[in-house]
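**Q** Everything below, folded, please.
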Amino acid sequence: MKPSILVVDDEKHAREGLRSALEDKYEVYVAADASQAMNVLESESIDLVLTDLKMAGENGLQLIARTRSLPHQPVCVLMTAYGSVETAVQAMKQGAADYLTKPLNLDEVDLLLARHLHTRHLEKENRQLKQTINKQFGLENIIGTSTKMADIFDTIHQVAPSRATVLIQGESGTGKELIAKAIHRLSQRAEAPIVTVHCAALSPQLLESELFGHEKGSFTGAFERRIGRFEAADGGTIFLDEIGEIDPSTQVKILRVLGERSFERVGSTKTLQVDVRLVAATNKDLQKLVAEGKFRDDLYFRLNVVTLQLPALRERAEDIPLLVRSFLDEMNRDNGKHVRGFTDEAMDKILHYHWPGNVRELRAAVERAVVLAKGDEAGLRELPPSVVSGGMSLGSGQPSARPLDCSENEKQLVIRALIKTDGNRTYAAKELGISRRTLHRKLHDYQLEKFAKGTDT
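**A** The predicted model follows:
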């Protein structure tokens, strides 16, 4: 596809002349003033705006300033017969990428446009590559735009490329395993395996064998040699979930692996060397376990190099509508349904329930609602009884979620409108009583663009 250019000039001869000169290489739109230009910009995806400075009504600098509110900002180039350093500086402050002096030299115009459009193309490729990497490496599956989750994402990006041991703490259902996998996939070990061990599910003897392997005949039932999880994860990452459940003797062996990068299989005297990064998770207070003598302090210090404390869902209530939207899409696909959202009463209960099972419980609740829904909307009947009885109406009592400030309230209204209209931007704007352009800006400001449909079909 040709790059798209919008020429804005109140002189018809000038704008039509530029259209003729540029239309072989570009998809050219024209506008006689700033108002017409904004109509084009709101309805079309424009790569570059070439605008005159002096026009009736709003001038070129004012138009350039207005383009900064668009969700996808075009490159802006100012045309002026009054070229000066002062004009150029002012244009740059308003967001212009460059400026041209009239009368225009078409060769100069051609070179300048090509340069800026090439830069824009590279920036677009970089954004797409980053989105692809994030999707491939798991961060897009971790939903959240709250401040708490933004801090978690920042720490993941910082710690992932390092060799540091990471301890992930949080209640059950907060997504500790998803975070561990994201750390691995963003690390330099991404091509090697990540091996997961759920420590609480195994007895001490079985856990030791599971982690370090065993030799044939080392204990009753050991009919053949077995490779342990540390050995299988060599070069990659081992994720020990619920590490607070590990018995003291196994803790000693894990401590040795962290310190010396070596261990022996059960029943063997041969020392094996491994290069493994450890990511551990727990829903228990390890410091308390250390104080009670149930967890080794030296192992705790080894684990606690970088700690990620995942917030409970009730502590990031502003993310609930985003999670609901994501789970609705997932469950509709899995079950061949077309449930577009929840009734206001049902959504009110969802927002004010305390979610002791966190994201895992919310996902199960949405799945139940989609399966049981008879129409395109789920109501109170489709929600689990615990959610219906445990929720509270807006404004009644003390909600378990923290109160939202004005900005977060506005964000919640936008999200709820998107859910109610199945992501349709036009209908969501009407639901909110705002213009489609204003909605575009709010979607951009609150990082909600991916939850709105690109078209209004």
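**Q** Val197 and Glu242 touch, don't they?
**A** No: contact between Val197 and Glu242 fails when scored by CB atoms under 8 Å: they sit 9.2 Å apart. Backbone N, C-alpha and C define where each C-beta goes, glycine included.
**Q** Neighbour count: these two, which is higher?
**A** Using other CB atoms under 10 Å, the more surrounded residue of Val197 and Glu242 is Val197, with 22 against 18.
**Q** Any stretches of the chain with poor pLDDT?
**A** Counting by pLDDT under 70, the chain contains low-confidence ranges at 82-85, 126-141, 391-409, 450-451, 453-457.
**Q** Please parse it into its domains.
**A** Following automatic domain parsing, one gets these domains for the chain: 4-132, 141-311, 315-451.
**Q** Off-centre distance for stretch 99-108?
**A** Its chain's average C-alpha position is 43 Å from that of stretch 99-108, according to CA atoms, centre = their mean, to the nearest Å.
**Q** Show me what it is in contact with.
**A** The contact list for stretch 99-108 (CB atoms under 8 Å, 6 or more residues apart in numbering) reads 18, 21, 50, 77-81, 83, 87-88, 91, 109, 112.
**Q** Could you pull out the buried residues of that stretch?
**A** In terms of neighbour count (16 or more other CB atoms under 10 Å), stretch 99-108 has its buried residues at Tyr99, Leu100, Thr101, Leu104.
**Q** go on, stretch 56-73?
**A** By 16+ other CB under 10 Å, the buried positions in stretch 56-73 come out as Glu58, Asn59, Gly60, Leu61, Leu63, Ile64, Arg66, Thr67, Leu70, Gln73.
**Q** same thing with stretch 10-30?
**A** Residues of stretch 10-30 classed as buried by neighbour count (16+ other CB under 10 Å): Asp10, Ala14, Arg15, Leu18, Ala21, Leu22, Tyr26, Glu27, Val28, Tyr29, Val30.
**Q** Out of the buried residues of stretch 56-73, which sit inside helices?
**A** If you go by DSSP state H, the buried residues of stretch 56-73 have Gly60, Leu61, Leu63, Ile64, Arg66, Thr67 in helices.
**Q** Pretty sure the last one sits against Val75.
**A** Same thing as Thr67. No: Thr67 lies out of contact with Val75 (CB under 8 Å); the separation is 9.5 Å.
**Q** Report the separation between the residue of the chain positioned farthest from its centre and Asn105.
**A** In the chain, counting by CA atoms, centre = their mean, Gly217 sits farthest out from the average C-alpha position, at 49.2 Å. Look at Gly217 and Asn105: by CB to CB, to the nearest Å, they are 88 Å apart.
**Q** and stretch 272-279, how far from the chain's centre?
**A** Worked out by CA atoms, centre = their mean, stretch 272-279 lies 30 Å from the chain centre.
**Q** now do stretch 439-451
**A** 13 Å.
**Q** For Pro356, grab the count of nearby residues.
**A** 15.
**Q** I meant to write Ala364 there.
**A** Residues lying near Ala364 (other CB under 10 Å) number 14.
**Q** those strands in the stretch 251-400 of the chain, which residues are they?
**A** For the stretch 251-400 of the chain, applying DSSP state E, counting those that start in this stretch gives strands covering 262-264, 271-273, 277-282, 306-309, 341-342, 377-378.
**Q** got CSV for those strands, with distance to Arg229 and mean neighbour count too?
**A** Shown next, in CSV, are the strands of the stretch 251-400 of the chain (distance: least, CB to CB, whole Å; neighbours: other CB atoms under 10 Å):
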stretch, distance to Arg229, mean neighbour count
strand 262-264, 11, 16
strand 271-273, 13, 13
strand 277-282, 11, 25
strand 306-309, 22, 16
strand 341-342, 42, 24
strand 377-378, 41, 21
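**Q** Among those, single out whichever gets nearest to Gln36.
**A** Across those, Gln36 has its closest neighbour in strand 341-342 (36.7 Å, CB to CB).
**Q** shared neighbours of Thr67 and Val75, which are they?
**A** Residues touching both Thr67 and Val75 by CB under 8 Å, 6+ apart: Val49.
**Q** quick one on the thing from earlier: max pairwise distance over the buried residues of stretch 99-108: which two?
**A** Largest separation among the buried residues of stretch 99-108 by CB to CB: Tyr99 and Leu104, giving 11.3 Å.
**Q** Among the buried residues of stretch 99-108, which one lies nearest to Arg163?
**A** Tyr99 (49.2 Å).
**Q** Adjacent strands (with direction) for the helix or strand hosting that closest one?
**A** Take DSSP states H and E as the rule and Tyr99 turns out to sit in strand 98-101. The partner list of strand 98-101 in its sheet, established with DSSP bridges, is strand 75-80 (parallel).
**Q** what ranges do the helices span in the stretch 151-300 of the chain?
**A** 176-185, 204-212, 229-232, 248-260, 286-291, 297-303 (DSSP state H, counting those that start in this stretch).
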